[in-house]
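**Q** here are the coordinates; sequence isn't available:
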């Protein structure tokens with residue numbers, strides 16, 4: 001079967017070191033990887049991973065087009081990659097840029113309210129969600145941070161109510177790292193087929209038993225494997241997840257089919 005890492009960040013080689021340092025400083029962690037496409041692809045040699053959903057975050061309006069060009073180029077060079085576009089709340093014409101991103105071969109959008117310093121349900125981003133809903137573009141949204149209110153899951157409830165056809169990945173089990181709180185706030189509205197959750201950056205905190213329990217609480221037909229590279233080692237994260245007490249059918253959904261359904265991309 002295919003195995004899709006549904007949450008991985010990559011950067012152009014010339015800025016990767018600085019980007020990795022910035023993320024490490026933001027989260028006060030020692031980063032695993034170098035943030036390059038080559039560094040990410042090396043995980044294939046040490047795990048069953050076959051594909052990666054890749055993206056980056058635009059922390060300034062000026063970075064949007066450059067990031068989208070870089071992700072598209074990486075995807076053209078590496079068929080293992082499924083690329084998502086960046087967007088920023090102050091970008092002047094998001095509809096035109098997102099159509100350009102689609103024309104480049106990208107399949108969705110990534111937002112990180114905490115590093116972009118914007119409320120997830122800010123009116124400027126609500127315009128972006130409306131465009132994504134109309135274009136059929138799924139959105140990966142970093143959800144939750146106990147230090148900030150930008151990405152609190154209650155804001156995601158507002159978004160999902162406003163855009164009933166928007167497909168969303170509420171990343172990190174819906175509230176990093178207060179995962180049970182995310183479930184309490186989101187589980188009712190997340191019953192809809194359009195709401196997915198990746199479990200990236202969670203296994204260190206949850207351990208194998210609680211990972212299985214929480215995945216089953218949400219429903220294993222909506223949970224996606226993700227590594228959050230370069231923060232963690234994709235091979236190690238994948239191998240840990242496969243060692244959890246999931247059934248074969250549950251693992252096939254988490255590692256493969258759910259990410260296909262979320263991204264709209266079939267892989268073999």
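**A** Thanks, I have the structure now. Because the structure is a prediction, the values reported are computed rather than measured.
**Q** does residue 196 sit in a helix, a strand or a coil?
**A** strand (DSSP: H, G, I helix; E, B strand; the rest coil).
**Q** what about the stretch 101-250 of the chain, any weak spots by pLDDT?
**A** Judged against pLDDT under 70, the stretch 101-250 of the chain has no low-scoring part.
**Q** That one: helices as residue ranges?
**A** 113-116, 123-135, 153-162, 179-186, 203-218, 234-242, 248-252 (DSSP state H, counting those that start in this stretch).
**Q** Can you say which of the ones you listed is packed in most?
**A** helix 113-116 (a mean of 22; mean count of other C-beta atoms under 10 Å). For every residue, glycine as well, the C-beta is placed using N, CA and C.
**Q** mind checking how far that one is from the chain centre?
**A** Taking C-alpha atoms, centre = their mean, to the nearest Å, one finds helix 113-116 lying 14 Å from the centre of the chain it belongs to.
**Q** Who are the packing partners of it?
**A** Secondary-structure packing of helix 113-116 (3 or more C-beta pairs under 8 Å, 6 or more residues apart in numbering; DSSP states H and E): strand 139-142.
**Q** how about a cut-off of 10 Å?
**A** Secondary-structure packing of helix 113-116 (3 or more C-beta pairs under 10 Å, 6 or more residues apart in numbering; DSSP states H and E): helix 13-27, strand 139-142.
**Q** Need the ones you listed in JSON lines (columns: mean neighbour count and distance to residue 64).
**A** Converted to JSON lines, the helices and strands packed on helix 113-116 look like this (neighbours: other C-beta atoms under 10 Å; distance: least, C-beta to C-beta, whole Å):
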{"stretch": "helix 13-27", "mean neighbour count": "15", "distance to residue 64": "15"}
{"stretch": "strand 139-142", "mean neighbour count": "25", "distance to residue 64": "15"}
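**Q** Dump those to CSV, plus distance to residue 71.
**A** Formatted as CSV, the helices and strands packed on helix 113-116 follow (distance: least, C-beta to C-beta, whole Å):
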stretch, distance to residue 71
helix 13-27, 13
strand 139-142, 12
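**Q** Done for today, thanks.
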